[in-house]
Every structure is written in structure tokens, then in C-alpha cells.
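build me a structure from this.
(2 chains)
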There are 2 protein chains.
Amino acid sequence: MIQHVVLLTFVPEATPEQRAAVTDGLRALPALISQIKRYAVGPDLGLAPDNASFGIVAEFETRADYEVYRDHPAHQQVITDHIGPIRAGRAAIQFER
Amino acid sequence: MIQHVVLLTFVPEATPEQRAAVTDGLRALPALISQIKRYAVGPDLGLAPDNASFGIVAEFETRADYEVYRDHPAHQQVITDHIGPIRAGRAAIQFER
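Have a look, this model is predicted:
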């Protein structure tokens, strides 16, 4: 299994509506991209200082399945329409789980 | 469920042995900390540029269980003995999944 993780930091002026649009847009993807085996996204709970703003944790059976997700038009549209406008930073990894 | 994620960046001079000690030390934790419900750690696969070096994805039933893990002496020892000496950067989040 491939574990794919992204941590996003949003600009401070990002509105609640803009942040919610990221959550909603990403949560629609598992119904559209069958290669996603397990998927969880959400905003930081505020339990620790200096945390990222938003997390994405996805699992795929193969590297090829991860690449289908990465390049899928529905995913790219969420990035372009909702993440890009409020993104200040991004950290990511793919590892074997 | 609480999803806890950490992405670490290691200093470039970190040796393979030092990196393996982080993996081995963390993978021993689920047997020692019963509050961990699901746990995966590993080094970056090199599929994308600018990725972090190492990922940790953990799930807990409650915030209190996450805090037991966070503060557990066995966990703290891995941080002190193995992660600290090669750590260049860290991004983290806790969110509801």
C-alpha cells in the first residue's frame, strides 16, 4: 500500500467559506476516483502550536493508483479552484505502509 | 477518530543507519502503547521532488489517547535518541477523520 500525505498551510486571511470549500471538494473525490482505497481530510484541531492548517491522508494499492489520483481532473480542479487561492505552504510524502 | 500526522525532514548528512533507527524505533511503539489504533511510518519513496524525508500516520480513538502517545516515555525516547540528532524540519497536524 502507498500512503500519500499532504499537509497544507493556508494564508491567514483565508475565510471559513474558502477553507470549507477545500474540505468539501476533497471529500467528494473518493466517489469519483475508484483507485482511492482510504481517504481522510480535515482542518487542524488546534491541539499543538505551529501545526499545518489542513491534512490529507490517502491510501492506494499501487503507485499507479496514486498517480491516477494525483493527475485526475477532479482532483486537479479542487487544487486549482480551492486550494491554490489560499495556499501558503505544502509538505508531502509518499511511503510504503 | 483522531488522525495524527508528522512529516519530518532529515539533514542531508543523516546516514542510512540513523534513518533506519528512526523507522525501527517508531515501529516498536504500537506494541508498547495500546492507545495506538493504527500506525504507519516510513521513508519517502522519491516519487515527487521537494517531499519530506519521513512520514508518520497514526490514528487514535480519542484526543486523550493521542496525548498518551505524544507523552509516552518510549515515544519520547525515540524522539530524543534517533529523530532529534538528524531532524532538519517538522510539519504536523491532528484532525478528525
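
alpha carbons only for contacts and neighbour counts from here, please
Noted.

ok, residue A:35 to residue B:65 distance?
31 Å (CA to CA, to the nearest Å).

my guess is residue A:22 meets residue A:82, correct?
Yes: if you go by CA atoms under 8 Å, residue A:22 and residue A:82 touch, sitting 5.5 Å apart.

what residues does chain A have near chain B?
A:5, A:7, A:40-48, A:51-55, A:91-97 (CA under 8 Å from any CA of the partner chain).

now the residues you listed: which count as buried?
A:5, A:7, A:40-45, A:51-55, A:91-97 (16 or more other CA atoms under 10 Å in any protein chain shown).

can you map out the helices along chain A?
A:16-27, A:63-71, A:73-78 (DSSP state H).

any chance of these in TSV with distance to residue B:14, mean neighbour count and mean pLDDT as columns?
Putting the helices of chain A into TSV (distance: least, CA to CA, whole Å; neighbours: other CA atoms under 10 Å in any protein chain shown; pLDDT from 0 to 100) gives the following:
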stretch	distance to residue B:14	mean neighbour count	mean pLDDT
helix A:16-27	35	16	98
helix A:63-71	26	16	98
helix A:73-78	35	16	98
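
include distance to residue B:87 when you put those helices into CSV, please.
Listed next are the helices of chain A as CSV, based on distance: least, CA to CA, whole Å:
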stretch, distance to residue B:87
helix A:16-27, 30
helix A:63-71, 27
helix A:73-78, 32
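
from residue B:88, how far out is the residue nearest to the spatial centre of chain A?
Nearest to the mean C-alpha position of chain A, by CA atoms, centre = their mean, lies residue A:56 at 3.8 Å. Residue A:56 sits 22 Å away from residue B:88 when distances are taken as CA to CA.

cool, and residue A:95?
Taken as CA to CA, the span from residue A:95 to residue B:88 is 19 Å.

how about residue A:51?
For residue A:51 relative to residue B:88 (CA to CA), the value is 16 Å.

again with residue A:27
32 Å.

try residue A:92
15 Å.

then residue A:62?
The separation that residue A:62 has from residue B:88, given CA to CA, amounts to 30 Å.

also residue A:91?
Taking CA to CA, one finds residue A:91 at 14 Å from residue B:88.

how about residue A:93?
For residue A:93, the distance to residue B:88 - CA to CA - is 16 Å.

which residues in chain A form strands?
Per DSSP state E, chain A carries strands over the ranges A:2-10, A:38-43, A:54-60, A:87-96.

pipe those into TSV and attach mean pLDDT per row.
Converted to TSV, the strands of chain A look like this (pLDDT from 0 to 100):
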stretch	mean pLDDT
strand A:2-10	98
strand A:38-43	98
strand A:54-60	98
strand A:87-96	98
